[in-house]
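In: using only what follows, build the 3D model:
(chains A and B)
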Amino acid sequence: MNASFLLFALLNTGFIMLISPFFMSLIKKVKAYTQGRKGPSLLQSYFDLRKLMQKEVVYSPNSSGIMRITPYLNLGVLLVATLFVPVVFIPDTPAGIGNIIVFLYLLAIERFFTALCGLDAGSTFGGMGSSRLMSLSAVVEPTMVISFAALAYVLRTVNFHEMFAVTAGSTIPESPTLTLISISLFIIIIVETGRIPVDNPATHLELTMINEAMILEQSGKNLALIELAHAIKQTILMAVLINVLAPWGLATELTFASFMIACLFFLVKASMLAGLIGLFESSIAKMRLFRLPGFYMMAFFFSALTILMEVFA
Amino acid sequence: MISNKNTASSLVPAGSKLRDNCQIPVNPSILSTRYATDLIIDISGKEPQVRRGKNNEFYIPLGEEEFLKTVPALSEKGFVLISLFCVQDFEESPGFTLFYVFRLKGFTDVFAFMRQVRTETTSVATIFPSACWYEREIRDGFGIEFKDAFDKRRLFLHEAYPEGFHPLLKSFKNRKIQAVQNPEEAYPFKQVEGEGVYQIPVGPVHAGIIEPGHFRFSVIGEPIFNLEIRLFYKHRGIEKLAEGKRPSACVPIAEAISGDETVANAVAFCTAIEKLAGIEVPPRANCLRAILLELERIYSHMGDLSGMITDIGFPKMTTPFLILRENIFRQNELLTGSRFMRGAVDIGGLKKEISDEALLKLYLYSKTFVPEFDSAIAAVRASSSLIDRFSTTGVLKKKLIAPLNLTGPIARASGASYDVRLDHPYGIYKDVPPERTIKTAGDVLSRFEVKAKEVLNSAFLIQKLIASIPEGAVAAEAAGFAVSNIPDGYALSMVEAARGQNLHWIYVRGGLIDRYKVRTASFCNWQAIEHAVLGNIVPDFPLINKSLNLSYAGTDL
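Out: All right, here's what the predicted structure looks like:
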């Protein structure tokens, strides 16, 4: 552990935490515009978090400790995951940090506890959401593994930091196949953040929910932490895609100027990506639950194709 | 556009044959008397006294023996039970009279078989499944036991109401009642057992702002194995409320039955009163009523169309429908001063004149409405992800339509042709028949298409009506009819509300309403959902529910 890494942890994690809610609002805003509405303020997610932080937490009498620790655990896990994805500069990395296999498992831990938490309160919808998430995860996880494997294969490393050090040095994508992987990564963002066509984050129809159903019983501060964790997860996944496809601005050495440029560039690129997600969500209907594996298979297909092309190129 | 074929021929689909293979003659009402008489002689061997009602209905009192022979046999003849209700101390007969109201394809008249009963009688629900809810309703309201009924559970009075509480009895006076705090028995839902079967209870409190209803799903994984619904969480006592009031004071009660069927129910109520009192509605008022009815159909269908798209998470497609719907509401307000057209219809015509200027505005608006609506529908049809969700979802089989008396666009999307405006024409529809819209697949997509087509048909009908609107008064009082003094009598009237066939039966005695029976389309159509969802997956339920557009308020009077 060195000073550069400590500084990185502070700046990178702090920056991601700070801007994550903004992208949630931005997507809502874009969706509102496509519907001919003005939509909420771009700061609405911050207001919501502040409001929820001040509210009382109510626990179901059926709930156990799982319900109480999950919000902290999920946020903690995702804050650790932010260390894996540099958005401001790439530090000298201690061993283990940035490893994509660890990263995948961090996401799996978050998913596992969210599902447990859905079951914990004993409500109808939580259990339904958990069972759906788990059965879909069985299809999503191989897809994610193959996508990250493709990424590792193309960039010849299993460490995000080393990958981004490679991509950051180039002005155009390192390899044309990275464009293919980007499609997979985009689908993973949609899937992991529960957006249309996988899940509808704006719905009030309990029977159709996946992610929302599991947090229906959450309230107050705990709900705020879960919402924040969700926003951070979205930013991290977006950052992976951005750093692979368009790494411009990502500094390899820390100076004040390079830090500012990196922040600004990331903000602009991530806003554009968030806008794209909003447009994508507005352009199709939610899929039937049992057709979702077909959607995941697209990500699987593009990643598998990448590997094949790299092997036979 | 609307075809100009004449009314008589459009009533009967080409090629439909009656008993004895005779074609429908010119005067259907004479035929239906003879037909009913012959039929009953055929079955029971006795000649019944067929009484002509005031409004295309026939009353046929039957003794218990003839009833038990006749009514079960009607099912094979194609009779559809459209209502069953009870009246206490009807005319000179003390006790309870049950009215079994039937329609038969090809007849504009409906047949009401009357049966005298005491506090216990027999059920016809095994022959006419739609009778099940009616019998349970009568049991709750009057305390009449249907001793061989297969379902004797309570309907609109839940467990919290005390035993022996029957609010529709004449002896019942409105007073505070003591709610049962801890009912001994929970409502027995049908239990489905087996490996992997579990129940999902949903409601009556929902996450969205919707009315209360309880849905008990039995599922195996996601596919729905059985669904049982429980409604009637907001009983308002509308039928009882009307009793003892002057008919003119009851128009607002009829309007309050269901907010988005305001005009339909007001017109049905007023038509019944007008028919029993012999009041003639001026032609202009009849024409204006039809315009308001069609406007109501448009905004109601628009709500469904947008709702169906919202429920599959496609809000961008929803917006054009919501905008057009809002514009219709504004037209409603310009015409009547109320967005839901409350207080527009009155006995004998309309409450107040609608200016030609407002009608002209509506006419001009309808000209821009049609192309905008067309392009919104074209966008929907061009979206494959949307069609994928709609198609083959929630299929409602045609064979359910007659047994459950399913009506309205949901029945027409499953291959039924029935439309009250054409099959039992009332008001201006006798002269200006609307176009029938029929689809056969019975899935959500068919219901969407039928409703979309009906919106257009209604818009064209409105244009046609405005173009040819007669001059004159809009209230029958102007022609010398006494609207405030209603003579004694009874009449039945039916309208095609946006959701289907609404039926009102009113009995006036001593100038006051003695019994007011309302049956909205939703009362029957709700039972369709239990069948339409089978085999579908749980996340598709909200979509199927929305495509059927069932009214909670219209069911729970």
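
In: near chain A, which residues of chain B are found?
Out: Residues of chain B lying close to chain A by Cβ under 8 Å from any Cβ of the partner chain are B:200-202, B:206-208, B:222, B:309, B:311-319, B:323, B:383, B:385-386, B:388-389, B:537-542. In this view, the C-beta of every residue, glycine as well, is placed from N, C-alpha and C.

In: just the buried ones from those, in ChimeraX syntax?
Out: Only the buried entries of the residues of chain B next to chain A go into this ChimeraX selection, using 16 or more other Cβ atoms under 10 Å in any protein chain shown:
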select /B:200,202,206,207,222,309,311,312,313,314,315,316,317,318,319,383,385,386,388,389,537,538,539,540,541,542
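
In: from the residues of chain B next to chain A, which land in strands?
Out: B:Ile200, B:Pro201, B:Val202 (DSSP state E).

In: make TSV out of those residues and add pLDDT.
Out: Converted to TSV, these look like this (pLDDT from 0 to 100):
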residue	pLDDT
B:Ile200	88
B:Pro201	89
B:Val202	88
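
In: next to chain B, which bits of the stretch 51-200 of chain A? Give me the list.
Out: Residues of the stretch 51-200 of chain A lying close to chain B (Cβ under 8 Å from any Cβ) are A:Thr124, A:Met128, A:Arg132, A:Ile196, A:Pro197, A:Asn200.

In: I'd say A:Leu133 and A:Met214 touch.
Out: Yes: if you go by Cβ atoms under 8 Å, A:Leu133 and A:Met214 touch, sitting 6.7 Å apart.

In: what do these two both touch?
Out: Shared contacts of A:Leu133 and A:Met214 (Cβ atoms under 8 Å, 6 or more residues apart in numbering or on different chains): A:Thr114, A:Ala115, A:Gly118.

In: ok, the second one - contacts?
Out: For A:Ala115, the contacting residues are A:Gly129, A:Ser130, A:Leu133, A:Met134, A:Met214, taking Cβ under 8 Å, 6+ apart as the criterion.

In: any idea which element the nearest residue to it once chain neighbours are set aside lies in?
Out: Nearest residue to A:Ala115, sequence neighbours excluded (Cβ to Cβ, 6 or more residues apart in numbering or on different chains): A:Ser130, at 4.2 Å. In the assignment (DSSP states H and E), A:Ser130 maps to helix A:124-155.

In: can you check B:Glu76 too?
Out: Here B:Glu76 is assigned to no helix or strand, by DSSP H and E.

In: what's the neighbour count on it?
Out: By the criterion of other Cβ atoms under 10 Å in any protein chain shown, B:Glu76 has 8 neighbours.

In: regarding the nearest residue to A:Met214 once chain neighbours are set aside, what is its secondary structure?
Out: Closest residue to A:Met214 apart from its sequence neighbours, by Cβ to Cβ, 6+ apart: A:Gly118 at 3.2 Å. Classification of A:Gly118 using DSSP: H, G, I helix; E, B strand; the rest coil returns helix.

In: then B:Leu84?
Out: Quick answer, by three-state DSSP: B:Leu84 is strand.

In: circling back: ok, so of the shared contacts of A:Leu133 and A:Met214, who is nearest B:Ser44?
Out: B:Ser44 lies nearest to A:Gly118 out of these, by Cβ to Cβ, at 62.5 Å.

In: give the contact list for residue 218.
Out: Just so you know, I chose chain A. A:Met67, A:Pro71, A:Cys117, A:Ile226.

In: meant chain B actually
Out: When contacts are counted by Cβ under 8 Å, 6+ apart, B:Ser218 touches B:Lys190, B:Val192, B:Val197, B:Tyr198, B:Gln199, B:Ile224, B:Phe225, B:Asn226, B:Leu227.

In: which SS class is it?
Out: Counting by three-state DSSP, the backbone at B:Ser218 sits in strand.

In: tell me how far it lies from B:Val192.
Out: B:Ser218 sits 4 Å away from B:Val192 when distances are taken as Cβ to Cβ, to the nearest Å.

In: B:Leu359 too?
Out: Taken as Cβ to Cβ, the span from B:Leu359 to B:Val192 is 55 Å.

In: higher neighbour count, these two?
Out: Taking other Cβ under 10 Å, B:Leu359 and B:Val192 do not tie; B:Leu359 has more neighbours (20 against 16).

In: just the local confidence number for the closest residue to A:Leu254 other than its chain neighbours, please.
Out: Computed as Cβ to Cβ, 6+ apart, the closest residue to A:Leu254 that is not its neighbour in sequence is A:Phe89, at 4.8 Å. Here the pLDDT value assigned to A:Phe89 is 84.

In: residue 155: neighbour count?
Out: All of this refers to chain A. Per other Cβ under 10 Å, the neighbour tally for A:Leu155 reads 21.

In: correction: the question concerned chain B.
Out: Look at B:Leu155: counted by other Cβ under 10 Å, it has 21 neighbours.

In: doesn't B:Phe142 make contact with B:Thr121?
Out: No: using Cβ under 8 Å, B:Thr121 is not in contact with B:Phe142; the gap is 10.8 Å.

In: separation between the residue in the stretch 51-200 of chain A positioned nearest to chain B and A:Met214?
Out: The nearest approach of the stretch 51-200 of chain A to chain B comes at A:Asn200, 3.7 Å away (Cβ to the nearest Cβ). Applying Cβ to Cβ, the value for A:Asn200 to A:Met214 is 14 Å.

In: who's more crowded, the two?
Out: A:Met214 (31 against 26).

In: got the phi/psi numbers for that one?
Out: Phi and psi for A:Met214, reported as degrees, to the nearest 10, are phi -70, psi -20.

In: for A:Val158, same thing?
Out: phi -100, psi 10.

In: test my guess that it contacts A:Val102.
Out: No: under the criterion of Cβ under 8 Å, A:Val158 is not in contact with A:Val102, lying 9.5 Å apart.

In: buried ones in stretch B:259-271?
Out: B:Asp260, B:Glu261, B:Thr262, B:Val263, B:Ala264, B:Asn265, B:Ala266, B:Val267, B:Ala268, B:Phe269, B:Cys270, B:Thr271.

In: helix or strand for the fourth one, which one?
Out: B:Val263 belongs to helix B:262-277 when elements are defined using DSSP H and E.

In: and the residue positioned nearest the centre of chain A, what does it touch?
Out: The structure's chain A has its C-alpha centroid closest to A:Gln234; by Cα atoms, centre = their mean the separation is 2.8 Å. Neighbouring residues of A:Gln234 by Cβ under 8 Å, 6+ apart: A:Ser20, A:Phe23, A:Met24, A:Ile189, A:Glu192, A:Thr193.
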